[in-house]
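[1] Structure of the sequence below:
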Amino acid sequence: MHEIGALQLLDRELSSAANEIRERFAKPVLDRLAPYMSLVFPEAALNFGDGFAPKELRRGSDPEALASLSDGTREQLAVLVRLGFGRLLAETDSPAPLILDDALVYSDDQRIELMFAALKRAAQSHQVLVLTCRERTFAGLGGHRIAISAWQTS
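    Okay, the predicted model is just below:
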């Protein structure tokens with residue numbers, strides 16, 4: 001019986017610590033996320049679930065569950081959340097580059113332009129690396145372009 005009690009105590013303590021971390025970081029991330037969100041989803045708010053994963057998007061009065069959103073919208077929210085985390089890390093002297101590998105494949109032309117505006121704003125405060133095979137689509141993003149050439153042996 002002591003083992004069960006110890007395991008229950010451990011579960012409560014770990015849950016409490018996880019909740020504390022979520023509460024400590026959720027608001028700062030949401031605060032840093034807000035400027036990027038306003039560029040892409042004006043007057044919308046994002047709510048996190050467990051583990052900082054986006055849970056629902058509120059546009060107007062009704063929350064929309066993440067599962068009900070289009071693939072493009074979910075992908076854009078995932079990128080925006082990463083921008084918020086990147087900004088927070090940069091402000092706490094622990095900067096880390098944000099690396100996007102063929103992101104935004106589900107974005108239409110209008111939304112991708114809005115996402116480019118968010119990426120450009122983010123690049124003012126921390127490093128953003130975008131890897132893509134869609135050269136024409138991403139030409140409008142700007143930045144320093146590096147082309148990968150074929151491997152050559154001597």
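
[2] Figure out how far the lowest-mean-pLDDT helix or strand in the chain is from the centre of its chain.
    Scoring the helices and strands of the chain by mean pLDDT, DSSP states H and E places helix 2-40 at the bottom, with a mean of 87. How far helix 2-40 lies from its chain's middle: 17 Å, per C-alpha atoms, centre = their mean, to the nearest Å.

[3] Name the next helix or strand following it along the chain.
    Remark: after helix 2-40, the chain's next helix or strand is strand 44-48, criterion DSSP states H and E.

[4] Can you give me the buried ones in that next one?
    Using 16 or more other C-beta atoms under 10 Å as the test for burial, strand 44-48 gives 46, 48. (Glycine included, C-beta is placed from N, CA and C.)

[5] mean confidence score for the helix or strand just after it?
    Next helix or strand after strand 44-48 toward the C-terminus (DSSP H and E): strand 54-59. Mean pLDDT, strand 54-59: 91.

[6] For strand 54-59, name the packing helices and strands.
    strand 44-48, strand 62-65, helix 71-91 (3 or more C-beta pairs under 8 Å, 6 or more residues apart in numbering; DSSP states H and E).

[7] try 6 Å this time
    Strand 54-59 is packed against strand 44-48, strand 62-65, with contacts defined by 3 or more C-beta pairs under 6 Å, 6 or more residues apart in numbering; DSSP states H and E.

[8] and of those strands, who's closest to Ser107?
    Each of the helices and strands packed on strand 54-59 has some distance to Ser107 by C-beta to C-beta; the shortest is strand 44-48, at 16.1 Å.

[9] Partner strands of that closest one and their direction?
    With DSSP bridges as the test, strand 44-48 is paired with strand 54-59 (antiparallel).

[10] which residues touch the strand it pairs with?
    Strand 54-59 has contacts (C-beta atoms under 6 Å, 6 or more residues apart in numbering) with 44-49, 63-66, 77.

[11] Give me the angle between it and helix 71-91.
    110 degrees (axes from the mean of the first three to the mean of the last three C-alpha atoms, to 10 degrees).

[12] I'd like to check the angle between strand 54-59 and helix 2-40, please.
    Using the same axes, to 10 degrees: strand 54-59 against helix 2-40 is 40 degrees.

[13] And strand 54-59, what's buried?
    Using 16+ other C-beta under 10 Å as the test for burial, strand 54-59 gives 54, 56-57.
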